[in-house]
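Novice: coords below, sequence missing:
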């Protein structure tokens, strides 16, 4: 199992990319909207099915009461009928992000535990736009501790000169932060969105930012309308975005496996019986639904 954090330097589709990767994976996935801005899956892809009564902000209060795992489970929602795709809705107000300053760290640990168990989920953490402060990446208004615990950090950008220019200083700050707090610069990868007006190849982008490109997603208007506005009902399997997202998910899995093998990675056991019970319950529900119960 794996944990991937998706980030961006500007508004260029981090949430849409995260959602596509979560839906395209051939393994059970959990999409966590961890960005400090307003989560858009709630009002877009799920067209307002749930309001502010569920989501990330409620975990801050639960954490202060020592009940984070219980609240985490209570606020998960399904993205499919089988329970193979779970979703933690994001914030409904950017001012709520400050309340999570002390919760990012235990939330990162919890997400990591969710993927460690053999019956768990691949984690896609949509961490949104990176927030910088003097000295580097902001660690309270941005879920930096979630990044530090990831297997891979994906920086989403477009194949345009402007996007690369806007991303470049953020990549420099992120590299420094990953060296100091995370698993090193080699856990950073680029995922390109192929804008029609874009002129840069993946090799040119990689060369300019000195970061490997792990995949490229197409510009897909139908998928954009469905994922960001809930408009239309095309078959997801036929969308160009989903076809490429499946390939990107495969390549990401290969990258993570290769990196773990090189580092001699050994998963740590889930130390909390509460978290272990949570993972087992979710896995059990998934099997029951998949089996037609």
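Specialist: Nice, I can see it. Since the model is a prediction, treat every value here as computed from it, not as a measurement.

Novice: Who are the packing partners of the helix or strand where residue 157 lies?
Specialist: Counting by DSSP states H and E, the element that carries residue 157 is strand 152-158. On a contact count with 3 or more CB pairs under 8 Å, 6 or more residues apart in numbering; DSSP states H and E, strand 152-158 meets strand 3-8, helix 14-24, helix 161-180, strand 188-194, helix 240-263. All C-beta atoms are positioned from the backbone trio N, CA, C, and that covers glycine.

Novice: Mind checking the ones you listed for the one nearest to residue 96?
Specialist: Residue 96 lies closest, by CB to CB, to one member of those: helix 14-24, at 16.7 Å.

Novice: what's the closest one in contact with?
Specialist: With contacts defined as CB atoms under 8 Å, 6 or more residues apart in numbering, helix 14-24 is touched by 4, 6-8, 29-31, 33, 35, 39-41, 45, 79-80, 85, 87, 124-129, 154, 156, 191, 193, 217, 223-224, 227-228, 236, 241-242, 245-246, 248-249, 252.

Novice: Ok, stretch 173-189 next?
Specialist: In this structure, residues lying in contact with stretch 173-189 by CB under 8 Å, 6+ apart are 7, 130, 132, 136-137, 144, 147-148, 150-155, 171, 211-214, 252, 255, 259, 263.

Novice: Also stretch 107-114?
Specialist: Outside stretch 107-114, the residues that touch it by CB under 8 Å, 6+ apart are 3, 30, 32, 34, 59, 63, 68-69, 72, 100, 120-121, 123, 125, 143, 145-146, 148-149, 270, 272, 275, 278-279.

Novice: Show me which residues of it are buried.
Specialist: Buried positions in stretch 107-114, judged by neighbour count with 16 or more other CB atoms under 10 Å: 107-114.

Novice: Likewise for stretch 120-134?
Specialist: Across stretch 120-134, burial judged by 16+ other CB under 10 Å covers 120-132.

Novice: which one of those residues is nearest residue 286?
Specialist: Out of the buried residues of stretch 120-134, the member with the shortest distance to residue 286 (by CB to CB) is residue 121, at 8.8 Å.

Novice: Which pLDDT value goes with that closest one?
Specialist: Note for residue 121: predicted pLDDT of 89.

Novice: and it, what are its phi and psi?
Specialist: phi -120, psi 150 (degrees, to the nearest 10).

Novice: The chain should start at 500 in everything you say after this.
Specialist: From this message on, residue numbering opens at 500, which makes the last subject residue 620.

Novice: In contact with it, which residues?
Specialist: Residue 620 makes contact with 500, 526-529, 585, 613-614, 781, according to CB under 8 Å, 6+ apart.

Novice: Residue 746 against residue 715, yeah?
Specialist: No - Residue 746 lies out of contact with residue 715 (CB atoms under 8 Å); the separation is 9.3 Å.

Novice: and the strand holding residue 656 with helix 513-523, angle?
Specialist: 120 degrees (axes from the mean of the first three to the mean of the last three CA atoms, to 10 degrees).

Novice: Could you list which of the contacts of stretch 606-613 belong to helices?
Specialist: Using DSSP state H, the subset of those located in helices is 558, 562, 567-568, 571, 644-645, 647, 774, 777-778.

Novice: Can you show me the strands along the stretch 500-649 of the chain?
Specialist: For the stretch 500-649 of the chain, the strands defined by DSSP state E, counting those that start in this stretch occupy 502-507, 528-532, 576-577, 584-587, 621-628, 631-632, 635-636.

Novice: quick one: contacts of the second one?
Specialist: Meaning strand 528-532. 514, 517-518, 520-522, 538, 540, 554-555, 575, 578, 583-590, 610, 613-614, 620-625, 645.

Novice: What mean pLDDT does it get?
Specialist: According to the model, strand 528-532 has a mean pLDDT of 96.

Novice: Please apply the same query to stretch 661-677.
Specialist: 96.

Novice: how about it: buried residues?
Specialist: By neighbour count with 16+ other CB under 10 Å, stretch 661-677 contains the buried residues 662-663, 665-666, 669-670, 672-674, 676-677.

Novice: can I get these in CSV with distance to residue 698?
Specialist: Formatted as CSV, the buried residues of stretch 661-677 follow (distance: CB to CB, whole Å):
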residue, distance to residue 698
662, 11
663, 11
665, 16
666, 16
669, 21
670, 20
672, 26
673, 25
674, 25
676, 30
677, 29
